[in-house]
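[1] return atomic coordinates for the entry below.
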Amino acid sequence: QVQLVESGGGLVQAGDSLRLSCAASGRTFSSLDMGWYRQAPGKERELVAAISSGGSTYYGDSVKGRFTISRDNAKFTSYLQMNSLKPEDTAIYYCAAAFRGTAQAMGDMIGIPYWGQGTQVTVAS
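    Predicted coordinates:
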């Protein structure tokens, strides 16, 4: 069993930066593919960024060039660095983990077994 706990959300101004963290329990972290997702009110949950166990990454079109996903296997933690934030980035951000093999495969949310509780990110204009 893997437990995920997100932190780092908050209220910022447009153009600001935030770094989200996802701390995982369990010794299998290095083998897991990690993903960051977001869900805005009235919208479907979407993949923001993912990183495979091997370190390859995948980004949603709306965040390319602004967000960076990374992982520190020694700390059992995944990070999402968010720069140049926009009001449309406002959402609850969720961390998730699965054994998928590739970062892009994290785009299929069906069957992802491990989810965090979410952290709110609000970007004011």
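[2] okay, now residue 81: neighbour count?
    Other residues near residue 81 number 15, with proximity taken as other CB atoms under 10 Å. Where you see a C-beta, it was placed from the backbone N, CA and C, and this is true even at glycine.
[3] now residue 54
    11.
[4] what residues are up against it?
    Residues in contact with residue 54 (CB atoms under 8 Å, 6 or more residues apart in numbering): none are found.
[5] if I look at it, how far off is residue 102?
    Residue 54 sits 9 Å away from residue 102, taking CB to CB, to the nearest Å as the criterion.
[6] swap in residue 113?
    Taken as CB to CB, the span from residue 113 to residue 102 is 17 Å.
[7] of those two, who's got more company?
    Counted by other CB under 10 Å, residue 113 and residue 102 do not tie: residue 102 has more neighbours, with 14 against 11.
[8] the closest residue in space to the more buried one that isn't next to it in sequence: neighbour count?
    Counting by CB to CB, 6 or more residues apart in numbering, residue 52 is the residue found nearest to residue 102 once chain neighbours are left out, at 5.6 Å. By other CB under 10 Å, 20 other residues sit near residue 52.
[9] OK, contacts around residue 52?
    33, 100-103.
[10] alright, I will stop here.
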